[in-house]
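Colleague: Everything below, folded, please.
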Amino acid sequence: MLSDKTSPFEKCATGTKRKELAVRFTQYLNTRDTKEHAFPVNLNGAWGTGKTFFVDNWKLLVEERGHIGIKIDAWESDYLDDPLTIIIAEIIEQLEGRCNDLQFHEQEKKVANALVQLKSALPAIAKALIGIFLGKDAADSIGSIVEAITKSGVELQKYESDLNIGELGLEATRAHIRHKQFIKNFKDEVGKLVDIAQPNDKGQKVFVFIDELDRCRPTYAIEMLETVKHLFDVPNFVFVFSTDTKQLQHSIKAVYGQDFDSHEYLSRFFEQRLTLPEPDYFEFIKAQRMFEKVDTDKLLTLPKIGSTEELQYAVSLICRLNKDHLPLRRVKQLCSHLDSLLLSGGLDKKVFSIFTLTGLVFGEALYTTAPELEKFTVNQRAMKAYTGSEKVHDFRLNESLKMLQVIQDIGGTISQIIQQEPKIMNQQKYSSTSPLLPLESDLEGLARQIKYLKSQPEVSMLSNPDEILNLIRSNTIDFDES
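Modeller: Residues are numbered from 1 along each chain as shown. Sure, this is the predicted structure:
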C-alpha cells in the first residue's frame with residue numbers, strides 16, 4: 001500500500017490518464033444518492049491492467065478530496081472465513097488513524113458489541129426452522145411480519161395471537177426479529193463511528209475499496225459480497241469491488257454450476273459497473289519495470305538504445321505488430337524471456353537490430369507451432385513477428401508514416417548493410433516522435449554507425465535470423481504464465 005505522503009498517481013506509468021479516470025469515477029460516485037443506502041460498484045479490469053495500483057492511488061485521491069478512504073485486500077484474509085469481522089476490523093483500524101480519541105474508542109466498543117450480538121443471532125437457523133416445520137409460505141409471511149415489526153418498533157407480543165404457529169415457530173420468529181434488530185443496530189453504530197471520525201465533514205462519503213476478490217476462494221468471494229449487501233448497507237458508504245470480473249464469474253460457476261448465470265447473479269450486488277481500460281503496451285511494460293536491470297550503454301543495438309525507456313518503447317512496437325496474439329499476461333512472460341537474454345552475456349560485443357531480436361523472441365513463442373503457417377519453416381514462422389502483418393496498417397507513428405514500414409525498412413536495410421559494404425539503400429528521411437527514431441535520422445546515419453561499430457575490436461555483427469534464433473534457444477528460461 002502506498003504511503004499517505006505519496007501524491008495520487010505521481011508514479012503512474014500512464015502519465016495523467018489514470019488520474020483523470022479516477023477523478024471522473026470520483027465525481028460520478030459523489031453524485032450518487034447515498035443518504036439512505038450504500039452504493040456498491042464493480043471496478044472491472046483484466047489481469048495486468050494495474051487494478052491494485054489504481055485502487056491504492058484512487059484511495060489517496062478521495063482522501064485528498066476530504067472523503068474517507070479504506071482499502072481491504074480480500075485475498076489476504078480469505079483463509080479466515082469471516083468477511084464480516086475482517087471488514088469491520090479494517091474500517092476501525094483505518095479510521096483510528098484519523099480520530100484516535102476517547103469518544104472514538106467508546107464508540108468502537110459499541111460497534112464491537114453490536115457485532116457480537118449480530119453474529120450470535122443465527123438468523124439462517126431460525127429461518128430454516130420456520131421453513132422446515134411450517135413450510136415456505138409461512139416462512140415468507142413471517143418474514144414480512146418480521147420486516148414490519150423491525151421497521152415500526154412494535155413488540156412481537158401484539159402479533160403472537162394472530163400468528164398461530166406454535167411455540168417453536170414463535171421462538172424462531174423471535175430469533176429472526178432479534179437478528180433484524182441487531183442488523184439495524186450494527187449499521188447505526190458503524191454510521192456513528194464514521195461521524196466521530198469526521199465530525200466536520202458529515203456529508204462526505206466513505207469509499208471502501210475491496211481488492212483481489214477474484215483471487216479468493218469462490219465461497220469466500222460470495223460470502224464477502226453477501227456480507228456487504230446485507231450488513232453494510234450504511235448511508236454515505238461507497239463500496240468499490242476491484243475484480244477481474246470475468247474470472248470472478250468463473251469462480252461463481254465453480255460453486256453453482258457451469259450453466260449458472262453468474263453475470264446476472266453479480267448484478268444483484270452492484271449498482272454500477274466501471275471499467276479500467278487496459279494500458280497500452282508501452283505503459284504496461286514500463287509499469288512492470290521490465291528491463292530496468294539491463295545496461296543499455298553496453299548494448300550495441302541498431303538503432304541505438306540509449307535508455308531503459310527507449311528499450312521498453314522498442315519492445316512495445318513489436319507488441320503492437322502482434323497485438324492479436326498478445327494478452328498482457330503473455331507480454332509479461334515474453335518480456336521476461338527477452339530480459340533474461342539481454343542479461344545473459346550472450347549478446348556482448350555483438351551488433352544487432354533490436355527490432356529483429358525482439359521480433360524473433362516473440363515469434364519463436366507465438367508462431368513456431370501455428371498450424372496456419374505450417375508451409376513455412378520453423379525459423380520463417382518465428383520471423384513473422386517482425387516481418388509484417390496486414391492488420392497494423394492503420395497504426396502510424398505520425399500522420400505520414402506507418403510503423404510497419406519503419407520496422408521493415410530499418411530492419412531489412414540493416415541486415416543488408418551488415419552483410420555488404422555500407423551503402424545507402426534508401427534516402428528517405430524519417431520524422432517521428434519515437435525516441436528510437438529522432439528527427440532527421442536516416443539510413444545513411446545508420447550506415448555510418450554500423451561502419452564505426454565494425455571498426456571496433458572484437459565486435460561481431462549478428463544479423464542472420466537463424467543465428468539469432470539459435471542464440472535465443474540456447475538462453476531460454478521457462479517462465480510460467482501465471
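Colleague: Pretty sure D259 sits in a strand.
Modeller: No. D259: not assigned to a strand; according to DSSP: H, G, I helix; E, B strand; the rest coil it is coil.
Colleague: quick one: it from K253, how far?
Modeller: 8 Å (CB to CB, to the nearest Å). In short, each C-beta sits where N, CA and C put it, glycine included.
Colleague: more neighbours, these two?
Modeller: K253 (16 against 6; other CB atoms under 10 Å).
Colleague: Quick one: residues in contact with the strand or helix carrying that one.
Modeller: Remark: K253 resides in helix 245-256, with elements defined by DSSP states H and E. Under the criterion CB atoms under 8 Å, 6 or more residues apart in numbering, residues 42, 44, 46-47, 213-214, 216, 218-219, 221-222, 260, 262-263, 265-266, 273 lie in contact with helix 245-256.
Colleague: Among these, which are located in helices?
Modeller: Using DSSP state H, the members of the contacts of helix 245-256 that fall in helices are P218, T219, A221, I222, S262, H263, Y265, L266.
Colleague: My read is that the third one contacts D214, right?
Modeller: Pointing back at A221 there. Yes. At 7.2 Å, A221 counts as touching D214 under the criterion of CB atoms under 8 Å.
Colleague: Spell out the secondary structure type for R289.
Modeller: Secondary structure, three-state DSSP: R289 is coil.
Colleague: tell me, how many neighbours does P371 end up with?
Modeller: Neighbour number of P371 under other CB under 10 Å is 5.
Colleague: Repeat that for A46.
Modeller: 17.
Colleague: which non-adjacent residue is nearest it?
Modeller: D244 (5.7 Å; CB to CB, 6 or more residues apart in numbering).
Colleague: quick one: the one you found and L43 touch, right?
Modeller: No. The criterion here is CB under 8 Å, and D244 misses it with L43 at 10.3 Å.
Colleague: Find residues that contact each of those two.
Modeller: K51.
Colleague: quick one: which of those two has more around it?
Modeller: Between D244 and L43, counted using other CB under 10 Å, the more crowded position is L43 (24 against 21).
Colleague: That one touches Q272, doesn't it?
Modeller: No. Using CB under 8 Å, L43 makes no contact with Q272, being 9.9 Å away.
Colleague: Just confirm I210 is within a strand.
Modeller: Yes. Under three-state DSSP, I210 sits within a strand.
Colleague: can you pull the contacts of it?
Modeller: So I210 contacts I72, A74, M224, V228, F239, V240, F241, S242 (CB under 8 Å, 6+ apart).
Colleague: who's in contact with the strand or helix carrying the fourth one?
Modeller: In other words, V228. If you go by DSSP H and E, V228 is part of helix 218-231. With CB under 8 Å, 6+ apart as the test, helix 218-231 has contacts from 38, 40, 74, 78, 81, 83-84, 87, 118, 183, 186-187, 210, 213-214, 216, 239, 241, 248, 251-252, 254-255, 266, 268-269.
Colleague: low-scoring pLDDT stretches of this structure, where are they?
Modeller: 1-5, 13-14, 48, 100, 120-176, 179, 201-203, 386-450, 454, 476-482 (pLDDT under 70).
Colleague: Name the residue closest to the centre of it, please.
Modeller: K51 (2.7 Å; CA atoms, centre = their mean).
Colleague: List just the nearest of the ones in helices among the contacts of helix 245-256 to L321.
Modeller: The closest of these to L321 turns out to be H263 (CB to CB; 33.6 Å).
Colleague: on contacts alone, who are the packing partners of the strand or helix carrying G359?
Modeller: Following DSSP H and E, one finds G359 within helix 354-366. Here helix 354-366 touches helix 308-321, helix 328-343, helix 378-387, helix 403-419, helix 465-474, going by 3 or more CB pairs under 8 Å, 6 or more residues apart in numbering; DSSP states H and E.
Colleague: closest one to E108 among those helices?
Modeller: Using CB to CB, the helices and strands packed on helix 354-366 put helix 328-343 closest to E108, at 42.2 Å.
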